[in-house]
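*Asks:* need a 3D model of the following:
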Amino acid sequence: MENRLDMTGKSVIVTGGARGIGRGITMCFLEAGADVLICDNKDPDELPSACGKEAVYVNADVRKIEDVDKVVTAATDRFGKLDVLVNNAGGSPPMVAATAPARLSESVITLNLISPLHFAQRANAVMQEQEDGGSIISIASVSAIRPSPGTAAYGAAKAGILSLTQSLAVEWAPKVRVNAVTSGMILTEAARAHYGDEASIAAIAATVPMGRLGDPSDVGDVCLFLASPLSCYITGSSIVMHGGGEKPAFLEAAKK
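*Replies:* A predicted model of the protein is given here:
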């Protein structure tokens, strides 16, 4: 029986693929047999590798359009095509909206919304010329669909990703499918530093119906599905993966 999650011979770009969620996504595609190129603005200590394959690395600042072009060109030169783009690079420092510096807000929106648009445009130009088209996946966040105090610009940018996904899916069909993954709390190195010690992480995990924070590989598995023939009729969609969300605050309040 054919393994429809086999990505052997497929070419994939994962932005921000050297660490955190991006590394988990990269590992999933490598384990499925894909050729993966990752980019980051910090050289990784160790390149992701699995099943005899190692990711190709390009140093790039995804906020710079010339670096976006460099990454896409590197992938097509190396692999001869581009089947999948995963727009993963993103994030934001904590900042109160009332006093957030204008330049910092602009930088956050550029990183989390404008850069994915630029990457999607460049990838689409390649994919439209390919017989099999391609798949573009952007990593969104639950901050896009609920309040995001302390990271308002980030939440707004991620909400923009959901709108962008729907619009690009209509414009670029049927050759190119465009989808998003709306991710909940994922336990990465950065998350550990932010959430605190193991007791704090356990307390936060207890607010999630599934009883744990997500793993980067959980995001990778959803990306793999969206890139595979199993999702061939899915475009313009967002898969929400947040372990059931956060338990309503009134339930705890009612117990007091």
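
*Asks:* mean confidence for stretch 147-164?
*Replies:* Stretch 147-164 shows an average pLDDT of 97 in the prediction.

*Asks:* now do that stretch: distance to the chain's middle.
*Replies:* On the basis of CA atoms, centre = their mean, to the nearest Å, stretch 147-164 is displaced by 14 Å from the centre of the chain it belongs to.

*Asks:* buried ones in it?
*Replies:* Under the neighbour-count criterion of 16 or more other CB atoms under 10 Å, stretch 147-164 has 148, 151-162, 164 buried. (Glycine included, C-beta is placed from N, CA and C.)

*Asks:* low-confidence bits of the stretch 51-200 of the chain, can you list those?
*Replies:* Low-confidence regions of the stretch 51-200 of the chain, defined here as pLDDT under 70, do not occur.

*Asks:* now the helices for this structure?
*Replies:* Along the chain, the segments classed as helices by DSSP state H run 20-31, 65-79, 102-109, 115-127, 152-172, 189-195, 198-205, 216-227, 249-255.

*Asks:* pick the most deeply packed of these.
*Replies:* By mean neighbour count, with neighbours taken as mean count of other CB atoms under 10 Å, helix 20-31 ranks first of the helices of the chain at a mean of 26.

*Asks:* elements contacting that one?
*Replies:* Applying 3 or more CB pairs under 8 Å, 6 or more residues apart in numbering; DSSP states H and E, one finds that helix 20-31 makes contact with strand 11-15, strand 35-40, strand 49-50, strand 84-87, helix 216-227.

*Asks:* okay if I get these as CSV plus distance to Ala253?
*Replies:* What follows is the helices and strands packed on helix 20-31, written out as CSV (distance: least, CB to CB, whole Å):
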stretch, distance to Ala253
strand 11-15, 40
strand 35-40, 42
strand 49-50, 45
strand 84-87, 38
helix 216-227, 30
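
*Asks:* lowest-confidence stretch among the ones you listed?
*Replies:* strand 49-50 (a mean of 94).

*Asks:* any chance of the helices of the chain in CSV with distance to Val56 as columns?
*Replies:* Written out in CSV, the entries for the helices of the chain read as follows (distance: least, CB to CB, whole Å):
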stretch, distance to Val56
helix 20-31, 10
helix 65-79, 6
helix 102-109, 27
helix 115-127, 16
helix 152-172, 25
helix 189-195, 22
helix 198-205, 33
helix 216-227, 17
helix 249-255, 45
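
*Asks:* for Ala55, find the nearest of those.
*Replies:* Closest to Ala55 of the helices of the chain, according to CB to CB: helix 20-31, at 5.4 Å.

*Asks:* ok and the closest one relative to helix 216-227, angle-wise?
*Replies:* Counting by axes from the mean of the first three to the mean of the last three CA atoms, to 10 degrees, helix 20-31 points 60 degrees away from the direction of helix 216-227.

*Asks:* now helix 20-31 and strand 11-15, what's the angle there?
*Replies:* Using the same axes, to 10 degrees, the interaxial angle of helix 20-31 with respect to strand 11-15 works out to 170 degrees.

*Asks:* is it true that Ser107 touches Arg63?
*Replies:* Yes: Ser107 sits in contact with Arg63 when judged by CB atoms under 8 Å, with a separation of 7.2 Å.
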